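>>> The following comprises the amino acid sequence and a computationally predicted model.
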Amino acid sequence: MPELPEVETTRRGIEPWLAGSRVQGVRVRQRRLRWPVPRRLDRELPGRRIAGLDRRAKYILMKAGSGTVIMHLGMSGSLRIMADGQPAGAHDHVDFTFDSGRVLRFTDPRRFGSILWTTRSPATHPLLKHLGPEPLDIAFSGEYLYQRSRDRRLAVKNFIMDSRIVVGVGNIYASESLFRAGIHPSRAAGRISLARYEQLVAAIQEVLAAAIRAGGTTLRDFTGGDGKPGYFVHELAVYDRADKPCLACASPLRRKVIGQRSTYYCQHCQR
DNA sequence: ATGCGGACCTGTTAGC
DNA sequence: TGCTAACAGGTCCGCA
């Protein structure tokens, strides 16, 4: 479900409900997510006041005093704000209750998501330590991608989806960005010019920014923290459009599996 | 160091 | 209608 725009939409949707309020308790119904929800979380979080929510890559960081709750939505996770007392469904794994009477509920059918707890600087956490730059940061540039890609033979699509290179480019937006930049997804990363990497960075930034503006992409059942669907799906040019006409040249779009993920592109427009 | 495939888990949809 | 297989927005890990 969530790529970076969906995660950012979620963060923005729930932060106003949580910032400044105090955690009353943590109810864990299913501890077995991607990693077990640490018992230290339920022991140490109650009583703390939420300072705010940050995001790093697709992790939502909930600052609580000297500690931080690190949350990832995986493929199918969501976070919703609700009144206390709502009955829990089969996949409602964790509730955070607040003194405001509100509940933050983590739901995740596939359980690829995670909820972790750290009392150190989140940036030093093993999961965050080796992450590349944020795609919307100035440190992310055509020059940067060009330098990092020299002598690399993997497909450029896999290259830009590597979180050590740049974070937040998921399967949908990888296809979309490469289409907008006119680059074939299978092309070896090391065989792309600086000028074309500059186009690719511009494309990634445009696509992600536009998707955040639209409130994310709803393919199936994504909703932001406010429960509203995202509308960026209407602006997807290639993703999930196999055999449909290219919006630029009308030739049929192709689907190909690259790195075990569905990839969509135009054979004619992308080289 | 790089690149690839497998693993985690459940739900939905397409096809016979 | 019912069964089965393929597929799904992520990403860590271990092996060659």
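Great, that's in hand. The structure displayed is predicted, hence computed values, not measured ones.
>>> CA only for contacts and neighbour counts going forward, please
OK.
>>> Without its sequence neighbours, what residue ends up closest to A:Glu6?
A:Gly216 (4.7 Å; C-alpha to C-alpha, 6 or more residues apart in numbering).
>>> what's the neighbour count on the one you found?
The tally of other residues near A:Gly216 (other C-alpha atoms under 10 Å) stands at 29.
>>> Touching, it and A:Glu235? I think so.
No. Under the criterion of C-alpha atoms under 8 Å, A:Gly216 makes no contact with A:Glu235, lying 10.7 Å away.
>>> Backbone torsions only: list them for the residue nearest to A:Glu6.
Main-chain torsions, A:Gly216, degrees, to the nearest 10: phi 90, psi 180.
>>> Identify the contacts common to A:Gly216 and A:Glu235.
Applying C-alpha atoms under 8 Å, 6 or more residues apart in numbering, one finds that no residue jointly contacts A:Gly216 and A:Glu235.
>>> What is the burial count for the closest residue to DNA strand C within the stretch 51-200 of chain A?
Closest residue of the stretch 51-200 of chain A to DNA strand C, C-alpha to the nearest atom of the strand: A:Gly170 (3.4 Å). Around A:Gly170 there are 19 other residues, counting by other C-alpha under 10 Å.
>>> got it, and the one 4 residues further on?
For A:Ala174, the number of neighbouring residues by other C-alpha under 10 Å comes to 25.
>>> now do the one 4 residues further on
As a burial measure, A:Leu178 scores 26 neighbours (other C-alpha under 10 Å).
>>> near DNA strand B, which residues of chain A show up?
A:34, A:90, A:109-112, A:151-155, A:259-260 (C-alpha under 7 Å from any atom of the strand).
>>> hmm, try it at 6 Å
When proximity is defined as C-alpha under 6 Å from any atom of the strand, chain A approaches DNA strand B at A:Pro109, A:Arg110, A:Arg111, A:Phe112, A:Arg152, A:Arg153, A:Leu154, A:Gly259.
>>> Are any of the residues you listed buried, and if so which?
A:Arg111, A:Phe112, A:Leu154 (16 or more other C-alpha atoms under 10 Å).
>>> In TSV: those, plus distance to DNA strand C, pLDDT and secondary structure.
Compiled in TSV, these are given as follows (distance: C-alpha to the nearest atom of the strand, whole Å; pLDDT from 0 to 100; DSSP: H, G, I helix; E, B strand; the rest coil):
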residue	distance to DNA strand C	pLDDT	secondary structure
A:Arg111	9	97	coil
A:Phe112	5	97	coil
A:Leu154	13	98	coil
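>>> and of those residues, the nearest to DNA strand B?
Looking across those and measuring by C-alpha to the nearest atom of the strand, the closest to DNA strand B is A:Leu154, at 4.2 Å.
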